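sequence and predicted structure below; questions after.
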Amino acid sequence: MKFSSQEEYGLRCLLQIARRGPDGSMTIPEISKAEALTTTHVAKLLMLLRRDGFLTSTRGQQGGYMLARPANQIFVGEVLESLGGKLYDSDFCSKHAGESALCTQAVDCSVRSLWQVLQKAVDEVVDRITIADLIEPPKLSNVTFTTIPRRMTGIG
């Protein structure tokens with residue numbers, strides 16, 4: 001199972017901006033330098049994040065990108081979905097049907113069940129973690145992340 005570089009770098013760019021605080025902003029070159037990414041790549045990622053309502057932008061000398069809503073109201077799951085989609089979604093089977101128009105396992109597919117369970121488990125974690133959780137001091141973050149799996153129930 002993999003997350004794309006777009007999801008990784010997009011989330012990291014969003015975190016850079018969030019670390020500036022509720023009224024803070026950053027420019028594309030500042031984020032590019034902080035994340036060691038090209039300005040073109042950062043611009044593409046910020047365009048996606050702005051389009052989906054995570055960021056706002058201001059032009060001009062004092063311009064830059066800032067969070068569109070408080071960091072504690074932006075969940076990691078919605079950011080990842082915006083940047084790349086889910087690991088498993090309802091279109092999955094039609095995308096992997098092989099040479100047929102319909103998957104030969106459409107009625108009785110144990111693999112589909114596996115992907116659904118995995119997606120539910122991932123969602124239960126990333127839909128609870130906010131951007132604010134990720135910019136907390138590491139000591140607090142470690143406590144938060146080590147306790148989340150213990151609270152997960154009803155998977156399957």
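All right, it came through fine.

helices or strands up against the longest helix seen in the chain?
The longest helix of the chain (DSSP state H) is helix 110-126. Contact partners of helix 110-126 among helices and strands, from 3 or more C-beta pairs under 8 Å, 6 or more residues apart in numbering; DSSP states H and E: helix 76-84, helix 92-95. For glycine as for every other residue, the C-beta is placed from the backbone atoms N, C-alpha and C.

at 10 Å instead, please
The contact analysis (3 or more C-beta pairs under 10 Å, 6 or more residues apart in numbering; DSSP states H and E) places helix 110-126 against helix 76-84, helix 92-95, helix 138-151.

just the C-alphas of it, formatted as PDB.
Extracted in PDB, the C-alpha atoms of helix 110-126 (Å, rounded to 0.1, in the frame of the first residue of the first chain):
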ATOM      1  CA  SER A 110     -12.700 -11.700  -1.100                       C
ATOM      2  CA  VAL A 111     -10.100  -9.200  -2.300                       C
ATOM      3  CA  ARG A 112     -12.600  -6.400  -2.500                       C
ATOM      4  CA  SER A 113     -13.600  -7.100   1.100                       C
ATOM      5  CA  LEU A 114      -9.900  -6.800   2.100                       C
ATOM      6  CA  TRP A 115      -9.600  -3.400   0.400                       C
ATOM      7  CA  GLN A 116     -12.800  -2.200   2.100                       C
ATOM      8  CA  VAL A 117     -11.600  -3.200   5.600                       C
ATOM      9  CA  LEU A 118      -8.200  -1.600   5.000                       C
ATOM     10  CA  GLN A 119      -9.900   1.600   3.700                       C
ATOM     11  CA  LYS A 120     -12.100   1.700   6.800                       C
ATOM     12  CA  ALA A 121      -9.200   1.300   9.100                       C
ATOM     13  CA  VAL A 122      -7.200   4.100   7.400                       C
ATOM     14  CA  ASP A 123     -10.300   6.300   7.400                       C
ATOM     15  CA  GLU A 124     -10.800   5.800  11.200                       C
ATOM     16  CA  VAL A 125      -7.300   7.100  11.800                       C
ATOM     17  CA  VAL A 126      -6.900   9.900   9.300                       C
END
